[in-house]
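> Quick one, what's the 3D model for this:
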Amino acid sequence: MAFYEVYSHPALIRYKTSVCTKATLFFVIVLCLTYIPPLLVAYRSQGFWLKRSTYEEQPHIRFQYQILLTGATSTTGDYVAWSTYHNFNHLLGSNLRIPSVSVQEEDLNQDGKFDRLSLQLELPLKPEEQIYSIQLLLTFSYQLFRMSTVVMQTLVYVQHSSSVPGSQLFVSGDLRLYQRIPLPHRGLHTAYNVSVIDGTSPFASAYDLVKIIQAYQERNLTTYLSCPSPLWTVGRASDAPFRINAEIHYPLEIISYRPGFWETIKFAWIQYVSVLLIFLWVFHRIQTFVFQNQVLPTVPIHQVKEHRP
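Numbering: from 1, shown residues only. The predicted structure follows:
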């Protein structure tokens, strides 16, 4: 049986309202509660705006074969000394003692970077001389490349004294980096790529250990020997030299640096989005719980009888 359209009438329904309504106020409140609290939580976590970060790097370290050694042979000020600086040796006169030195740097894991320095030094003495204290300065070339490029010359100071004269000093430790300020995230820094000891100076003041250490500690980047305790051995024969055995390891360093702008923005954005997703998940769970437990009005159901011919 065919059907024909007898009459049609389009209906246009328009709903009008103003901007300042309760619905608009409710929408603004929900929007603020959704996005502002995650921002406050991320900011109050003390890590929203990254000001300092760290990374790991094993530095390129090379021993420069520059040594300055002094030893006290009495408690009244007598001493013997030696260095690799000719001008300093000329100033020593009869206090000069030329030792035998053996140095070996080893690359234990074959990665192209030295991992350990072994130094053996034998200082000859007269039969009546004894060693009560030792002061030893070693210089190194120190380089970093991963973030900012740092090229500098550093110093290691070894000192030990005893009321009992010794025959040997054994030192084993790590060459560590000390930073007063973090490094920039990029750039070339060669401000400290100068000689720690002015070996060209003919004046004795240039080799004063107090002045050398004082000037070195004013730097923002320095190195030091992390050594639990030197081992002092007593009982030296009259014709035996005083021996110094040093093992210096070059460990992996944790470098502190200032992140760049984009790295800081990326870190803040990731942290904010993470907290925002947590808030959205919590709001969704609350909404689902409220919807599932709300009381809905009952609607009467009318039974319709079906008439069949």
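
> CA only for contacts and neighbour counts going forward, please
Noted.

> can I get the CA coordinates of the helix or strand harbouring S102 in PDB?
In the assignment (DSSP states H and E), S102 maps to strand 100-106. The C-alpha trace of strand 100-106 is given here as PDB (Å, rounded to 0.1, in the frame of the first residue of the first chain):
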ATOM      1  CA  SER A 100     113.500   8.400  41.000                       C
ATOM      2  CA  VAL A 101     109.900   8.700  39.700                       C
ATOM      3  CA  SER A 102     107.800   6.000  37.900                       C
ATOM      4  CA  VAL A 103     104.400   7.000  36.500                       C
ATOM      5  CA  GLN A 104     101.800   4.800  34.700                       C
ATOM      6  CA  GLU A 105      98.300   5.700  33.600                       C
ATOM      7  CA  GLU A 106      96.000   2.900  32.700                       C
END
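
> For that strand, give the mean pLDDT please.
The predicted model assigns strand 100-106 a mean pLDDT of 94.

> 802 is where my numbering starts, stick with that
New numbering, starting at 802: the last item is strand 901-907.

> how about the helix or strand just after it: buried residues?
On the C-terminal side of strand 901-907, the closest following helix or strand by DSSP H and E is strand 917-924. For strand 917-924, a neighbour-count test (16 or more other Cα atoms under 10 Å) marks R917, L918, L920, L922, E923, L924 as buried.

> Throw those residues into a markdown table and include distance to L1053, thanks.
Formatted as a markdown table, the buried residues of strand 917-924 follow (distance: Cα to Cα, whole Å):
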| residue | distance to L1053 |
| --- | --- |
| R917 | 12 |
| L918 | 15 |
| L920 | 21 |
| L922 | 27 |
| E923 | 31 |
| L924 | 33 |
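
> Now these in JSON lines, please, with extra columns for distance to T991 and pLDDT.
JSON lines is the format used below for the buried residues of strand 917-924 (distance: Cα to Cα, whole Å; pLDDT from 0 to 100):
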{"residue": "R917", "distance to T991": "24", "pLDDT": "93"}
{"residue": "L918", "distance to T991": "24", "pLDDT": "95"}
{"residue": "L920", "distance to T991": "28", "pLDDT": "95"}
{"residue": "L922", "distance to T991": "32", "pLDDT": "95"}
{"residue": "E923", "distance to T991": "35", "pLDDT": "94"}
{"residue": "L924", "distance to T991": "35", "pLDDT": "93"}
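
> returning to that earlier point: report the angle between the strand holding S903 and strand 917-924.
Here the directions of strand 901-907 and strand 917-924 differ by 180 degrees (axes from the mean of the first three to the mean of the last three Cα atoms, to 10 degrees).

> I'd like to know which elements strand 901-907 is packed against.
strand 917-924 (3 or more Cα pairs under 8 Å, 6 or more residues apart in numbering; DSSP states H and E).

> Give me the residues contacting whatever helix or strand comes next after the strand it packs on.
Downstream of strand 917-924, the next assigned helix or strand under DSSP H and E is strand 932-945. Residues outside strand 932-945 that contact it (Cα atoms under 8 Å, 6 or more residues apart in numbering): 858-876, 950-968, 997, 1043.
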